[in-house]
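Q: Dropping the sequence and predicted coords here.
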2 protein chains.
Amino acid sequence: MTIQNKFARLATDNAPGQEVRQTAAGIQALLRGDALPGRPVDFSHGDVDAHEPTPGSFEVFAQGVAKGGSQAYTEYRGDLEIREEVAARLADFTGAPVDARDGMIVTPGTQGALFLAVAATVARGDKVAIVQPDYFANRKLVEFFEGEMIPVRLDYETAGEDRAGLDLDQLEAAFRAGARVFLFSNPNNPAGVVYSPAEIARIAALAGQYGATVIVDQLYSRLRYSGVTYTHLRAQDLDPQNVVTIMGPSKTESLSGYRLGVAFGAPAIIARMEKLQAIVSLRAAGYCQAVLRTWFAEPEGWMDDRIRRHQAIRDDLLSVLRGIGGGFARAPQAGSYLFPRLPALAVPHADFVRILRLQAGTVVTPGTEFSPHHGDCVRLNFSQDHAAAVAAVERLASLVERYRA
Amino acid sequence: MTIQNKFARLATDNAPGQEVRQTAAGIQALLRGDALPGRPVDFSHGDVDAHEPTPGSFEVFAQGVAKGGSQAYTEYRGDLEIREEVAARLADFTGAPVDARDGMIVTPGTQGALFLAVAATVARGDKVAIVQPDYFANRKLVEFFEGEMIPVRLDYETAGEDRAGLDLDQLEAAFRAGARVFLFSNPNNPAGVVYSPAEIARIAALAGQYGATVIVDQLYSRLRYSGVTYTHLRAQDLDPQNVVTIMGPSKTESLSGYRLGVAFGAPAIIARMEKLQAIVSLRAAGYCQAVLRTWFAEPEGWMDDRIRRHQAIRDDLLSVLRGIGGGFARAPQAGSYLFPRLPALAVPHADFVRILRLQAGTVVTPGTEFSPHHGDCVRLNFSQDHAAAVAAVERLASLVERYRA
């Protein structure tokens, strides 16, 4: 495979945050009517001005800078003292021990952890089970390392409210067909659904039976709405050498500007991840690592308040989206993503996403980033200013009517 | 190739900064005499407490945090306004235009830039010319992407004082044998030598003749000692589509704790690098990117002073090292690395490096990290406290006598 071919598959034109590099060429001919006034909202990522970083995070960063060289130059896997502090909290949160010395690595964002985890487990030709829909980079990472993707359906639309809807038979078939790695996000990005205790138990049982490694991206597992039961795969009856869990403070805690993530679990895999980090980026920015000291140590009531505010936004947006005839929107159980399905339109959905940007000042991420079968869905990160988000989704609903097939 | 084999080649046990993960097993039996007292010095990287970060860097970071969401979430290739500011200065410094929009990317450290640049140019089986000795990650990156390395000798010991000593015939032979990428550092890491105008002109001519892409790591190109002429490859007569230059403020400017680097040049390669960054780490930490505003904009006289202090340390260390009979130490022309060759010892040089740590509190990086032919050399980053560095190298010289063959 030439380098050109390899990168042709890594298209990022519609990736969240990259809309600024698109051109409006060709879209003008499709436009109907005038633009709708209103404050623009970029739903491709959260608004950390509306939901500010954890209190005290900047002060802890400043302390890291003041500490000097020992904070700037840490082990590639991150500062040991910080790892120890965070490992104890992660063990408490997930219900299973975390080995700070050998079973944990600090990375530049959870993206950094995902990249290293896939690189450390997938060689050329290896089969990897990937959920559809799931976080867009999962598929791209498997492609980049020339693994072979085996898709597993997530029927979140028909699953009911108490399970995510993973097709467990298809997952078993993937393992039977030779998949040795299963990579998934819980809560699911983009659908916001949480895997039920029974689903997680079954995933653990199948992985154990087939000796597969499971990489679970739990980035949003702290932002859970009322009535949701969350199950940590790593606390199940499963060989700890076969599980890597990924988390980070970029989303719920709004600390994305510091680029921090962690992966924890199987020491052999973590060791490979560190070897690779040595030639990928050396380490998460040393000073930034200090900010992890605030993680899982937020002021009393802060997280509850953050969850309450997001749940209120979620509910208001859902009611607007559910007013769109012929669409579908399941209530996310955790995280800050909505993934509504839009009705049939007179323009291709990919163009409608660009029209939304031009005529409604509303940036959403097309469903094709997450699955080949979800082209009529769009993802909205609703961690936004409440009123602005409602108005932007109302504009979206208006344009759906304007462009309805 | 299995994932285990792939990572077995990525050994980092002796990598700079990872000494803390080594064990002392087996070395006790080789020890002669007692440990030498003195303040420990870690020459594996610079001491940013002795040579502090650029004045104002923290304040600019704080402004970035205050700016909020727009600084946290930049394009994957970095904030455009910052790219524009830095591109103008880099154009001025290197003597050739830099396209801020399409020909530049901000990365997590220069390591991040190197990783992306190699990934964007080397596919499986591609031949890559690599200098021996050169920065340890260069070789590892080629191996990781399953390229084929063609070594090119750098005869810095015999080259005299006015050239680096690259074997240009061997470079041409590498191109003739099919190398389509040439990756090298200038000044050379570890030897600290600067390529002469004639050497750079010849590299440019050969790359042009054979249509090869050149990736040049100029990380240390600002820290030049008196009397040195520095030549920027990108300002030579060479197709700009075939040159990528890498720099960053981690070393001379002591900003390593922020993990910042840039790559600039060929837009097609930069575009691929950004596509990959989207799944590797998304972006350099948004808040940290703000610190680039201080780069090439240091207070009047600050850089001159920094160079003067380093030159003084260099000269004092050189005089100690040149007192070791049977060794060799060329004066570095730029950067803060010394790469002395030690005489024959009664213990393997790899063990001597560990003995130095145990008995002299002196951490150096073994030459084997940089070349298979330089096992009797050690690298010292002399960006240290002046007096402590001299004392530590005096302890090294004492132990050479104690263990001399």
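A: Yep, that arrived.
Q: Going by C-alpha atoms from here, please, whenever you check contacts or count neighbours.
A: Fine.
Q: Next, the contact list for the residue in the stretch 101-250 of chain A positioned nearest to chain B, please.
A: Residue nearest to chain B within the stretch 101-250 of chain A (CA to the nearest CA): residue A:112, separated by 4.5 Å. Remark: with contacts taken as CA atoms under 8 Å, 6 or more residues apart in numbering or on different chains, residue A:112 is in contact with A:261, B:279-282.
Q: one more time with 6 Å
A: Shown here is residue A:112, whose contacts under the criterion CA atoms under 6 Å, 6 or more residues apart in numbering or on different chains are B:280-281.
Q: Tell me how many other residues surround residue A:372.
A: The burial count assigned to residue A:372 is 10, neighbours taken as other CA atoms under 10 Å in any protein chain shown.
Q: What distance do you get for it to residue A:151?
A: When CA to CA, to the nearest Å is the yardstick, residue A:372 and residue A:151 sit 10 Å from each other.
Q: what residues does chain A put near chain B?
A: On the criterion CA under 6 Å from any CA of the partner chain, chain B has as its neighbours in chain A the residues A:3, A:12, A:18, A:48-49, A:68-69, A:72, A:75, A:108, A:111-112, A:115, A:123, A:137, A:257-259, A:275, A:279-281, A:285-287.
Q: Could you look up the SS state of residue A:390?
A: Using DSSP: H, G, I helix; E, B strand; the rest coil, the secondary structure recorded for residue A:390 is helix.
Q: For the residue nearest to it when sequence neighbours are not counted, give me phi and psi.
A: Ranked by CA to CA, 6 or more residues apart in numbering or on different chains and with sequence neighbours excluded, the top spatial neighbour of residue A:390 is residue A:317, at 5.9 Å. For residue A:317, the backbone dihedrals (degrees, to the nearest 10) come out as phi -70, psi -40.
Q: gap between residue A:317 and residue A:35?
A: Taken as CA to CA, the spacing of residue A:317 relative to residue A:35 amounts to 21 Å.
Q: The two - which one has more neighbours?
A: residue A:317 (23 against 16).
Q: low-confidence ranges in chain A?
A: Filtered on pLDDT under 70, chain A yields the residue ranges A:13-14, A:17, A:19-25.
Q: So it: which segments form each domain?
A: A:3-52+A:301-403, A:57-294 (the TED database).
Q: any idea which of those is most buried?
A: Highest mean neighbour count of these: domain A:57-294, a mean of 22 (counted as mean count of other CA atoms under 10 Å in any protein chain shown).
Q: how far is it from where the chain is centred?
A: Its chain's average C-alpha position is 10 Å from that of domain A:57-294, according to CA atoms, centre = their mean, to the nearest Å.
Q: Quickly list what's touching both of residue A:372 and residue A:151.
A: Counting by CA under 6 Å, 6+ apart, residue A:372 and residue A:151 have no common neighbour.
Q: Show me the strands in chain A, by range?
A: For chain A, applying DSSP state E gives strands covering A:41-42, A:104-107, A:127-132, A:148-153, A:181-185, A:213-217, A:243-247, A:261-265, A:337-338, A:362-363, A:365-366, A:378-381.
Q: Just put those strands in JSON lines and tack on distance to residue B:250.
A: Supplementary listing: those in JSON lines, determined by distance: least, CA to CA, whole Å:
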{"stretch": "strand A:41-42", "distance to residue B:250": "33"}
{"stretch": "strand A:104-107", "distance to residue B:250": "18"}
{"stretch": "strand A:127-132", "distance to residue B:250": "38"}
{"stretch": "strand A:148-153", "distance to residue B:250": "38"}
{"stretch": "strand A:181-185", "distance to residue B:250": "35"}
{"stretch": "strand A:213-217", "distance to residue B:250": "31"}
{"stretch": "strand A:243-247", "distance to residue B:250": "27"}
{"stretch": "strand A:261-265", "distance to residue B:250": "22"}
{"stretch": "strand A:337-338", "distance to residue B:250": "37"}
{"stretch": "strand A:362-363", "distance to residue B:250": "36"}
{"stretch": "strand A:365-366", "distance to residue B:250": "35"}
{"stretch": "strand A:378-381", "distance to residue B:250": "34"}
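Q: Could you pull up phi and psi at the residue nearest the centre of chain A?
A: For chain A, the residue sitting closest to the mean C-alpha position, by CA atoms, centre = their mean, is residue A:189 at 4.8 Å. With angles defined as degrees, to the nearest 10, residue A:189 shows backbone torsions of phi -110, psi 110.
Q: what sits against it?
A: Contacts here follow CA under 6 Å, 6+ apart; on that basis residue A:189 touches A:134-135.
Q: Residue A:247 too?
A: Listed by CA under 6 Å, 6+ apart, the contact set of residue A:247 reads A:218-219, A:261-262.
Q: I'd like these laid out as TSV, including distance to residue A:133.
A: Supplementary listing: those in TSV, determined by distance: CA to CA, whole Å:
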residue	distance to residue A:133
A:218	16
A:219	16
A:261	23
A:262	23
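Q: which one of those residues sits closest to residue A:181?
A: Proximity of the contacts of residue A:247 to residue A:181, judged by CA to CA, is greatest for residue A:218, which lies at 16.5 Å.
Q: Chain neighbours aside, what residue packs nearest to residue A:111?
A: residue B:281 (5.1 Å).
Q: got the contact list for that neighbour?
A: A:108, A:111-112.
Q: Any chance of a markdown table for those, columns distance to residue A:185?
A: A markdown table is the format used below for the contacts of residue B:281 (distance: CA to CA, whole Å):
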| residue | distance to residue A:185 |
| --- | --- |
| A:108 | 18 |
| A:111 | 12 |
| A:112 | 15 |
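Q: ok, so of those residues, who is nearest residue A:171?
A: Within the contacts of residue B:281, distances to residue A:171 taken as CA to CA reach their minimum at residue A:111, with 24.1 Å.
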